[in-house]
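Participant: Model the structure of this input:
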Amino acid sequence: MLKAVPTRPDRLGVQVGMKLVVKGGVLAGVVAETSGEASLNLTMEWDLVSGTDATDNDGA
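Facilitator: Numbers count the residues shown, from 1 in each chain. Below you'll find the model as predicted:
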């Protein structure tokens with residue numbers, strides 16, 4: 001289970017993918033079949049040192 005995240009991620013990645021397929025029919029210019037797919041992949045990464053935020057160097 002995802003726990004509460006106290007700080008912003010050090011790296012954020014987003015991948016978007018799309019695919020569109022159009023197949024023609026027997027008669028020229030007639031679309032017989034279409035299909036499509038879409039995907040979204042979101043990646044967040046934190047650099048942790050001993051369970052604390054790596055950017056927190058003030059010792060507080």
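Participant: Hmm, Ala32 is touching Lys23, no?
Facilitator: Yes: contact criterion C-beta atoms under 8 Å: Ala32 and Lys23 qualify, at 5.5 Å. The C-beta positions use only the backbone N, C-alpha and C, and glycine is treated the same way.
Participant: what's the helix or strand for Met18?
Facilitator: Of the helices and strands defined by DSSP states H and E, Met18 is found in strand 11-24.
Participant: Mind listing residues that contact that strand?
Facilitator: Residues from elsewhere that reach strand 11-24 (C-beta atoms under 8 Å, 6 or more residues apart in numbering): 30-45.
Participant: Just the C-alphas of that strand, formatted as CSV.
Facilitator: Output of strand 11-24 as CSV, limited to C-alpha atoms (Å, rounded to 0.1, in the frame of the first residue of the first chain):
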residue,chain,number,x,y,z
ARG,A,11,12.9,12.6,-10.4
LEU,A,12,9.6,12.4,-12.3
GLY,A,13,9.2,10.6,-15.6
VAL,A,14,6.1,10.5,-17.9
GLN,A,15,5.7,8.2,-20.9
VAL,A,16,2.8,8.6,-23.2
GLY,A,17,2.0,6.1,-25.9
MET,A,18,-0.6,6.1,-28.6
LYS,A,19,-1.4,3.7,-31.5
LEU,A,20,-4.0,4.1,-34.2
VAL,A,21,-4.8,1.5,-36.8
VAL,A,22,-7.0,2.2,-39.8
LYS,A,23,-7.7,-0.6,-42.3
GLY,A,24,-9.2,0.1,-45.7
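Participant: May I see the buried residues of it?
Facilitator: For strand 11-24, the neighbour count (16 or more other C-beta atoms under 10 Å) marks no residue as buried.
Participant: Please report how far the nearest residue to Met44 once chain neighbours are set aside lies from Met18.
Facilitator: With sequence-adjacent residues excluded and distances taken as C-beta to C-beta, 6 or more residues apart in numbering, Met44 is closest to Pro9, at 4.0 Å. To Met18, Pro9 is 25 Å away according to C-beta to C-beta, to the nearest Å.
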